[in-house]
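*Asks:* Build me a model:
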Amino acid sequence: MAKKADSIEVANKNWQRYIRARDAGHTDYIDIAKKCNNFYMGEQWSQKDLDALKATGRPALTINQILPTINAILGEQANKRLDIRFLPNEDGDIETATVLTKLARQISTSNNLDYVESQVFADGIIEERGYFDIRMDFSNNIQGDIKITSVDPRTVVLDPDAREYDPDTWSDVIVSKWMTLNEIELTYGKEKRKEVENRVAIGDTQGNDSVTYITTDLDTFGDSTKTSYLDTYDENGRKIGKVRVIDRQCKRIKKIRVFVDLNTGDTRPVPDNWSEEKVQAVRKAANLQITTKFQERIRWTVTADNVVLHDDWSPYSHYTIVPYFPYFRRGKPFGVVRNLLSPQEQYNKVKSQELHIVNSTANSGYMVEQGSLTNMTVDDLAERGAETGLVVEYAPNATPPNKIQPNQIPTGLDRISQKTAEDIKSISGITDAMLGTTSPEVSGRAIEAKVSRGMIQVQVPFDNFNRSRNILARRMLTLIQAYYTDHRIISIVDDVEPEKNEQIEINKPDPVTGEILNDVTLGKYDIVVSSVPSRNTYNDTQFVEAMSMRNAGVAIPDWVPIQYSTLDNKEELVQVVKQMTGMAPPTPEEAQLQQQQMQLQMQMQQLQLQEMQAKIQQLNSQAVLNQAKAQDTVTDGDDRELEVLKLQSEIAAKQAELETKLRIAGIQAQLAMQKPDMKGPQAQTGRYNQTRSAAAPGGRNN
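*Replies:* Numbering: from 1, shown residues only. So this is what the prediction gives:
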């Protein structure tokens, strides 16, 4: 009973914290986020205004100037993809930093991070806040993979007392969302679902913001009050819809064990998921000491109404949530759309009023003497008075119908809409050049200058996005060093040059020395976050520059423009062109033929050497015989000596050439033996040293 009472107390504390944060500003944020999103989508009139205009017969135009303005910013971000590089700091080394950079690239690719970033950036620009979620996922790999997703910003409830951008300064962060009973069972287990079900069924809930119901009609052909295995009802016959689940991560003080480097004084927490044998092995290998100290830890508590679904220490040293705020002023984030709401509303009203005046001018009405019309009635004139070619017949001696002069369009009304459109551009910082609506007579250089100047005005949202990227990269490094602790083989894919695909090994033990090669678990590294063009834009730029250099006379190989083109099967075409031009690596058959040709050439050179040596011996023999003949002249002896020296020189050159070819053949054979097998396993299974709770609270992956 005491344990149940403690659980209820934990759930109540979680609920009270949610209420505090909700009422301190989160509800107001949801209202403005919905309005900003509706304006971006073109829903810019309130229902009250629409009803009032419809009652008076006035138009309600929606000319969405926010859509192209925001799309220009989103398109600029889509052209700037994330590039993460690690640099060694203190005890880090350059080789491991290079491996970490490649590993970060592989993690980004496997998570489709480009598209996740676009979603988070759009959430921030439109709805003022965007969020990444980074954690470990063990659903597809027993060793665990880093998983990065985007989170609906309306479900993230921030610490109302926080003032800083960095989430490490927050006391807590809550993700609140509605879940069905089936979803609760899938994530937290059948027992938790039953506990929530019983709690809600008896009506003991926190209120309407905790549980939603679907009202059932008891007067039906069937008895809808009887429950089925799919539906659950409370004691009043209301069908249970969804339950609010409060997922809270908060900081608390806990006594923990830490590694201590006696040389530098640096400390690092001992991961909770490490076995004692592994802890001692790392301590001995790195010559560290272990001590205890009090430190902030993250407590992860998940509740549904009065039921605790999960309550334990987080396996991570940071919050899983990483925020993005386009503009941020001391705890007051806001986006781009917020300041465009008023100009857009004014623009719609002015345009609607202009149309109303034009409509009024077309049929302003008539002044008619009673009984003067002969070919139509007054009602007919009122209905057909604006028709072209209308003929009105009136009685003799009667006063002819007189058209009422409409009110003139107020002077300057048309300029108000123009000024409002300019206000939207000036507030957002998006110029005509960035929208692509510059007049054709403007020069290309002037357009480039305007685009560059416009980017300066919208640089703040991009700068804050890089700030969020840096936080995300640091979280990624922390997870790598905490969970990528076993020997792994990672495949790195290059979609531009497939021949550059490679496999890297991390935490590889050396069987001879026992050292760990590419140990990514140790060392400190600086993070450099930058933007690179998207792949399509990068390829287009490279193609244009390569063709320009070829046209200018630079000897660019034929396969380079093909590599950056959009041709189908361009990889095969590149290989064909390389083979035709002799720039491709030889096939196994060609390599074997080249080796045979080299062996044949070396045999021929050996025969030539033997022939020359035989000739030298013959000349020496003739010289000995001729010395006995008195008739030999000195000149003949000198000629024979010169010929011998010449042959000896040629022999030395032939021998040097033969030795060089032998060394080249030996090197080629050695490289062929050391070439890695690219068809090997994609990853090796190491020890399972993680717990499932590291992926998500409750032991299941979200």
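*Asks:* element containing residue 147?
*Replies:* Residue 147 is part of strand 145-151, with elements assigned from DSSP states H and E.
*Asks:* ditto for residue 212
*Replies:* Per DSSP H and E: residue 212 is located in strand 211-214.
*Asks:* packing partners for the helix or strand just after that strand?
*Replies:* Note on strand 211-214: by DSSP H and E, the next helix or strand toward the C-terminus is strand 239-260. With contacts defined as 3 or more C-beta pairs under 8 Å, 6 or more residues apart in numbering; DSSP states H and E, strand 239-260 has these neighbours: helix 2-21, strand 172-179, helix 181-188, helix 190-201, strand 211-214, strand 267-269, helix 276-286, strand 289-304. Every C-beta, even on glycine, is put in place using the N, C-alpha and C of the backbone.
*Asks:* any idea of the angle strand 239-260 forms with helix 190-201?
*Replies:* Strand 239-260 runs at 130 degrees relative to helix 190-201, counting by axes from the mean of the first three to the mean of the last three C-alpha atoms, to 10 degrees.
*Asks:* how about the CA coordinates for strand 239-260, as CSV?
*Replies:* C-alpha atoms of strand 239-260 as CSV (Å, rounded to 0.1, in the frame of the first residue of the first chain):
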residue,chain,number,x,y,z
LYS,A,239,-16.2,6.0,-24.0
ILE,A,240,-12.5,6.7,-23.1
GLY,A,241,-10.8,8.5,-25.9
LYS,A,242,-7.2,9.4,-25.0
VAL,A,243,-5.2,10.0,-21.8
ARG,A,244,-2.6,12.7,-21.5
VAL,A,245,0.9,11.3,-20.9
ILE,A,246,3.4,13.6,-19.2
ASP,A,247,7.0,12.7,-20.1
ARG,A,248,9.2,14.8,-17.8
GLN,A,249,13.0,14.9,-17.6
CYS,A,250,14.3,16.9,-14.6
LYS,A,251,17.5,17.5,-12.8
ARG,A,252,18.2,16.1,-9.3
ILE,A,253,21.3,15.7,-7.1
LYS,A,254,22.7,12.1,-6.9
LYS,A,255,25.8,10.5,-5.6
ILE,A,256,27.7,8.9,-8.6
ARG,A,257,31.0,7.3,-9.4
VAL,A,258,33.4,9.1,-11.7
PHE,A,259,36.7,8.3,-13.4
VAL,A,260,39.5,10.7,-12.4
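*Asks:* now it and strand 289-304, what's the angle there?
*Replies:* Orientation note: strand 239-260 sits at an angle of 170 degrees relative to strand 289-304 (the same axes, to 10 degrees).
*Asks:* So for stretch 43-63, first residue to last residue, what's the gap.
*Replies:* This stretch, stretch 43-63, spans 10 Å end to end (C-alpha to C-alpha, to the nearest Å).
*Asks:* any idea of the mean pLDDT in that stretch?
*Replies:* Taken as a whole, stretch 43-63 has a mean pLDDT of 92.
*Asks:* Strands of the stretch 351-500 of the chain, residue ranges please.
*Replies:* Ranges of strands within the stretch 351-500 of the chain are 366-367, 402-403, 488-492, based on DSSP state E, counting those that start in this stretch.
*Asks:* would you list those strands in TSV and tack on mean neighbour count, mean pLDDT and distance to residue 162?
*Replies:* What follows is those, written out as TSV (neighbours: other C-beta atoms under 10 Å; pLDDT from 0 to 100; distance: least, C-beta to C-beta, whole Å):
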stretch	mean neighbour count	mean pLDDT	distance to residue 162
strand 366-367	13	84	68
strand 402-403	10	83	67
strand 488-492	16	87	37
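*Asks:* Make a markdown table from these and add distance to residue 282 to it.
*Replies:* As requested, the strands of the stretch 351-500 of the chain are arranged in a markdown table below (distance: least, C-beta to C-beta, whole Å):
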| stretch | distance to residue 282 |
| --- | --- |
| strand 366-367 | 96 |
| strand 402-403 | 95 |
| strand 488-492 | 17 |
